[in-house]
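**Student:** Attaching a predicted model along with its sequence, questions to come.
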Amino acid sequence: MCVVRLKIRLTKVDLVWEAPKNNGGAPITGYIVEKKEKFGSWQEALVTTYYQKLNHVCCAIENSLNKSGPGVGGPKNNGGAPITGYIVEKKEKFGSWQEALVTTTPECKGRVPDLKEGNTYQFRVKAVNKAGPGEPSEPTAPHLAKARFLKPLINRDKMCAVRVRAGTTIKLDVDIKGEPPPTKTWIFNNKPVETGAGHKLENEDYNTKLTMTETSWANSGVYTLKAVNEVGSDEATVEIIVLDKPGKPEGPLEVSDIHADHVKLAWKKPKHTGGLPLSAFVIEKMDVLTGKWVPAGTVDPDKLEATVTGLEPLHTYQFRVKALNEEGESEPLDTDHGILAKNPYDVPCPPGLPDIVDWDEKMAKLKWEPPIRDNGAPITGYIIEVMDRDRGEFVKAVEIQGNICQGVVPKLEEGSQYQFRIRAVNKAGQSEPSENTNWHTAKPRFLKPRIDRTNLNPVTVKAGLPVSLDVKVFGEPPATVTWFFKDQELKTGENLEIVNIDYNTKFLMTKSKRASSGRYVIRAKNEVGEDEAEVDITILGKTAFLLFSERDGSVFDLAVL
């Protein structure tokens, strides 16, 4: 007789064996089941009884019994008497054989109780008839007392949260119960963890080890361990925090409010802070002409923007921002192109050509049109420049505050000639100048005409000779000049030419005649008033005598022969 099947459960063991080939001459009436602990002795075991104890196994093992007593396991000869039962013996690894179960029927099966979970046992069977027990069967292979079907159970004692510095090796060593031995899977970021760069996974029947080397913040997170067998599953989590430098700020690094001397930067928080609070954001700038990064300031960790000052106008810069914690600085977030330090506006276009709308001998009032474009910044004022003809260069004369397109230039010297021009001003600076005015003489604007009588002395010439008069005429506006002779207005004709220009009149009699002798009247008139002067012209014949006064030498008579 031999054991052909062994079923081990958490609290019991099922043994199945073949009936004795020889019942000893009498029918088998039962089996005796015996059990033996590792260091105990064989003793009869309770049969077909179920104990709800983790350290016991109830067995359905029975010894072959007949009237002759226990027989030999699977005996070929029952000794002439039927098998009445069986005796099952057990032995721990370093113990002796002990009776574990006695059956009282010839049925070849039985349950051995009172096994200690985790101990290793061997079993053997003796057939029994009325003559007594036979020789034992061959022992079973060593068997570990454990549950045959057990839902997985993860030992959570080693699944405590882990908090280490970057670079530290992390080792998770976790025991797992379950029968059959469960399949074990580590999951991180919704993906199974496998042996690879920085990870080593070792799975045994009742244990799993996960080792991580060269750790960084990328290893931080929640790791899930799943254990599954045909009975059920278990799941446990452990949080790992690797204290590391923070992640770089999230981009893009936005640049706004660009001016010649400053810009404004904005960014987003890093995806992680390295497990530690941020202490600041560090800002750096680089002038592409030098190629060197230099500090540009720091801001509090709750601020996500900063103004960088101290830029050189018209230089190109790049900027970057780093997050900072106790472990150090993150990788930088850089601008993706160079930024030209330039105001978002330019100097205005030149104003229109100024008009001289009023003047006197000491001032000139100008008016002009504003620039056609302010180039991005409002006009804040104008500058009037003046050039004295004798000096030959423009100088600033007047500053006008506000967008007022007129102004007065004072302190002119009467009689001097000037040109004027205008520059518009905004916060970018001064525009190019407007066109220059024509030369302007500092003089009164309104002045009653006055004829200069210097050249209006009496004129005496011989007939046929020309008579020429050049007379200055003052007045503002320039007066209109008219010549009269014998109450008749004179005009340019066959023998006479009159030329009137501003402030001057010319009288030319090309071929004088005796009939042209007489008094000529000059009349100058403008909107302010008028003036009148006379000149006597005498035309002599071919022969004439002049009579002089002996007393003062003046001419007092003329005789023509």
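**Tutor:** Received, thanks.
**Student:** Phi and psi next, for the residue nearest the centre of the chain.
**Tutor:** Note on the chain: the residue nearest the mean C-alpha position is Leu253, at 2.5 Å, using CA atoms, centre = their mean. Leu253 has phi and psi values of phi -80, psi 110 when expressed as degrees, to the nearest 10.
**Student:** Spit out the contact partners of it.
**Tutor:** Residues near Leu253 by CB atoms under 8 Å, 6 or more residues apart in numbering: Leu265, Ala266, Trp267, Phe319, Arg320, Val321, Leu333, Asp334, Thr335, Asp336. C-beta here means a position set from N, CA and C on the backbone, and glycine is covered the same way.
**Student:** Apply the buried test to those residues and list what passes.
**Tutor:** By neighbour count, with 16 or more other CB atoms under 10 Å, those hold Leu265, Trp267, Phe319, Arg320, Val321, Leu333, Asp334, Thr335 as buried.
**Student:** does the last one really touch Val308, like I thought?
**Tutor:** In other words, Thr335. No: judged on CB atoms under 8 Å, Thr335 makes no contact with Val308 at a distance of 11.0 Å.
**Student:** Now the common contact residues for these two.
**Tutor:** By CB under 8 Å, 6+ apart, the residues touching both Thr335 and Val308 are Phe319.
**Student:** Make a markdown table from the contacts of Leu253 and add pLDDT and distance to Trp439 to it.
**Tutor:** As requested, these are exported to a markdown table (pLDDT from 0 to 100; distance: CB to CB, whole Å):
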| residue | pLDDT | distance to Trp439 |
| --- | --- | --- |
| Leu265 | 97 | 55 |
| Ala266 | 98 | 57 |
| Trp267 | 98 | 61 |
| Phe319 | 98 | 54 |
| Arg320 | 98 | 60 |
| Val321 | 98 | 61 |
| Leu333 | 98 | 63 |
| Asp334 | 97 | 60 |
| Thr335 | 97 | 55 |
| Asp336 | 93 | 57 |
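**Student:** SS state for Ala19?
**Tutor:** coil (DSSP: H, G, I helix; E, B strand; the rest coil).
**Student:** what's around it, how many residues?
**Tutor:** 19 (other CB atoms under 10 Å).
**Student:** same question, the one 3 residues further on
**Tutor:** Burial of Asn22, expressed as a neighbour count using other CB under 10 Å, amounts to 23.
**Student:** can you tell me how far it sits from Tyr31?
**Tutor:** From Asn22 across to Tyr31, the span is 15 Å (CB to CB, to the nearest Å).
**Student:** And Lys411, by the same measure?
**Tutor:** Counting by CB to CB, the gap from Lys411 to Tyr31 is 141 Å.
**Student:** now swap in Tyr86 and tell me
**Tutor:** For Tyr86, the distance to Tyr31 - CB to CB - is 3 Å.
**Student:** So the two - more neighbours on which side?
**Tutor:** Tyr86 (44 against 39).
**Student:** in terms of contact, does Arg423 touch Gly429 like I think?
**Tutor:** No: the pair Arg423 and Gly429 fails to qualify as a contact (CB under 8 Å) at a distance of 9.5 Å.
**Student:** between those two, who's got more neighbours?
**Tutor:** Between Arg423 and Gly429, Arg423 has the larger neighbour count (other CB under 10 Å), namely 23 against 14.
**Student:** Pairing-wise in the sheet, spell out the partners of that one.
**Tutor:** On the basis of DSSP bridges, Arg423 is bridged to Ile383.
**Student:** which ones are touching the closest residue in space to Glu214 that isn't next to it in sequence?
**Tutor:** Of all residues not flanking Glu214 in the chain, Gly198 sits nearest, at 5.4 Å (CB to CB, 6 or more residues apart in numbering). Each residue near Gly198 by CB under 8 Å, 6+ apart is listed here: Met212, Thr213, Glu214, Thr215, Asn219.
**Student:** rerun that using 7 Å as the cut-off
**Tutor:** By CB atoms under 7 Å, 6 or more residues apart in numbering, the residues touching Gly198 are Met212, Thr213, Glu214.
**Student:** Tell me the pLDDT of it.
**Tutor:** Gly198 is assigned 90 on the pLDDT scale.
**Student:** any idea how far it lies from Val528?
**Tutor:** Distance from Gly198 to Val528, by CB to CB: 103 Å.
**Student:** Return the subset of the contacts of Gly198 lying in strands.
**Tutor:** Secondary structure from DSSP state E places Met212 of the contacts of Gly198 in strands.
**Student:** Pick the one among the contacts of Gly198 closest to Ala341.
**Tutor:** Ala341 lies nearest to Glu214 out of the contacts of Gly198, by CB to CB, at 42.6 Å.
**Student:** how deep is that closest one tucked in, by neighbour count?
**Tutor:** 11.
**Student:** How about the secondary structure of Ala515?
**Tutor:** Applying three-state DSSP: Ala515 is helix.
**Student:** so what's it closest to, chain neighbours aside?
**Tutor:** Leaving aside its sequence neighbours, Ala515 is closest to Ile539 (7.7 Å, by CB to CB, 6+ apart).
**Student:** Check Leu447 too.
**Tutor:** Closest to Leu447 by CB to CB, 6+ apart is Glu476, at 3.9 Å.
**Student:** Would you agree Val471 is in contact with Arg453?
**Tutor:** No: assessed by CB atoms under 7 Å, Val471 is found out of contact with Arg453, at 8.1 Å.
**Student:** Of these two, which one has the most company?
**Tutor:** Val471 (20 against 14).
**Student:** now the more buried one, what's its secondary structure?
**Tutor:** Of the three states, Val471 takes strand under three-state DSSP.
**Student:** Could you check the pLDDT of it?
**Tutor:** Value for Val471, per-residue pLDDT: 97.
**Student:** That one pairs with what?
**Tutor:** Beta-bridge partners of Val471, as defined by DSSP bridges: Thr505.
**Student:** Partner strands of the strand or helix carrying Val238 and their direction?
**Tutor:** Using DSSP states H and E, Val238 falls within strand 233-243. Sheet pairing of strand 233-243 (DSSP bridges) gives strand 162-165 (parallel), strand 221-228 (antiparallel).
**Student:** And for the closest residue to Arg156 other than its chain neighbours, the neighbour number?
**Tutor:** Using CB to CB, 6+ apart and skipping residues adjacent in sequence, the residue nearest Arg156 is Ala236, 5.4 Å away. Residues contacting Ala236 under the criterion other CB under 10 Å number 17.
**Student:** Tell me how the protein divides into domains.
**Tutor:** As assigned by automatic domain parsing, the chain contains the domains 3-144, 150-243, 250-340, 355-441, 447-540.
**Student:** Return the distance of the fourth one from the chain's centre.
**Tutor:** Relative to its parent chain, domain 355-441 has a centroid offset of 47 Å by CA atoms, centre = their mean, to the nearest Å.
**Student:** Need the winner for burial among the domains of the chain.
**Tutor:** Most buried of the domains of the chain by mean neighbour count (mean count of other CB atoms under 10 Å) is domain 3-144; its value is a mean of 24.
**Student:** Figure out which of the strands paired with strand 233-243 is closest to Asn189.
**Tutor:** strand 221-228 (6.4 Å).
**Student:** Give me the contacts around that closest one.
**Tutor:** 152, 154, 174, 176, 178, 182-189, 208, 233-240.
**Student:** tell me the mean pLDDT over that strand?
**Tutor:** 96.
**Student:** could you pull out the helices for the stretch 401-550 of the chain?
**Tutor:** With DSSP state H, counting those that start in this stretch, there are no helices along the stretch 401-550 of the chain.
**Student:** What strand or helix carries Phe281?
**Tutor:** Applying DSSP H and E, one finds Phe281 within strand 280-287.
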